[in-house]
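Q: sequence first, predicted coordinates after that:
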Amino acid sequence: MSSQAHFENPFELFKQLNIIFYAVMGSMFLFLIVALIIQSPERQLDAPSPNIMTEYILVILIIVSISGAYIVYILGTRKVTDKTQLNTKVQMFYKYSLVKLILFELAGILGLIGYLLTAVPLYLAIGFVVIMLMFLHKPALRRLAVEYKLTQKEREHITENKPFR
């Protein structure tokens, strides 16, 4: 059995990516709401003083996670050449889009955990920023076409929802 996802047509690919995207976004929003409820204003006054080591580690992990999402995705797009087949491009787009979403989610969750642990609003802001980044990087047909250098024929193949070979 192959470890790569197999899609019959472009509709199936984007349907699966959208399900994953909205599930990740939903979990981020849910965690954000829980963090806001748990860190009520009364509790923020009684919050322990932040541990400098914890704060540095969280910030470093968040930075590594966000930059890692970009680096992995960009390195994946650089593997595409003029000779890369459409099916391979689609598989790469799927794989690297998932990795990018997971790393963005990790950064957001770390930010919200930091907010829960320290009551420092900066961590809450990081959670919001990551959610916005995820919206900006939502897997879409336009992103596939531009970043994976689809030819006009391949773009038509995708937009007409023709089966992959």
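A: Everything's here; your move. Residues are numbered from 1 along each chain as shown.

Q: ok now the helix or strand where L103 lies, how far from the chain's centre?
A: Using DSSP states H and E, L103 maps to helix 86-118. Relative to its chain's centre, helix 86-118 lies at 3 Å (CA atoms, centre = their mean, to the nearest Å).

Q: ok, now stretch 9-21?
A: 14 Å.

Q: average pLDDT across that stretch?
A: In this model, stretch 9-21 has an average pLDDT of 89.

Q: ok, now stretch 116-127?
A: For stretch 116-127, the mean confidence score works out to 84.

Q: again, but for stretch 80-98
A: The average pLDDT for stretch 80-98 rounds to 88.

Q: now swap in stretch 38-57 and tell me
A: 67.

Q: and for stretch 67-75?
A: Rounded mean pLDDT across stretch 67-75 is 92.

Q: let me know the next secondary structure element after the helix holding L103.
A: Next element after helix 86-118 (DSSP H and E): helix 121-136.

Q: could you say what helices and strands that next one packs with?
A: helix 10-38, helix 52-78, helix 86-118 (3 or more CB pairs under 8 Å, 6 or more residues apart in numbering; DSSP states H and E). For every residue, glycine as well, the C-beta is placed using N, CA and C.

Q: take those helices and lay them out in a markdown table including mean neighbour count and distance to H157.
A: Shown next, in a markdown table, are the helices and strands packed on helix 121-136 (neighbours: other CB atoms under 10 Å; distance: least, CB to CB, whole Å):
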| stretch | mean neighbour count | distance to H157 |
| --- | --- | --- |
| helix 10-38 | 15 | 8 |
| helix 52-78 | 15 | 19 |
| helix 86-118 | 21 | 6 |
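
Q: among those, which is nearest E147?
A: With CB to CB as the criterion, E147 lies closest to helix 52-78 of these, at 4.9 Å.

Q: so what's the gap between the closest one and the chain middle?
A: Relative to its chain's centre, helix 52-78 lies at 12 Å (CA atoms, centre = their mean).

Q: quick one, that helix and helix 121-136 angle?
A: 10 degrees (axes from the mean of the first three to the mean of the last three CA atoms, to 10 degrees).

Q: so what's the most centrally placed residue in the chain closest to, chain neighbours aside?
A: Centroid-nearest residue in the chain: L101, 1.7 Å away (criterion: CA atoms, centre = their mean). Closest residue to L101 in three dimensions, ignoring its sequence neighbours and counting by CB to CB, 6 or more residues apart in numbering: V24, at 5.4 Å.

Q: return the distance of the one you found relative to V99.
A: According to CB to CB, to the nearest Å, V24 stands 12 Å off from V99.

Q: do the same with P121
A: P121 is 30 Å from V99, by CB to CB.
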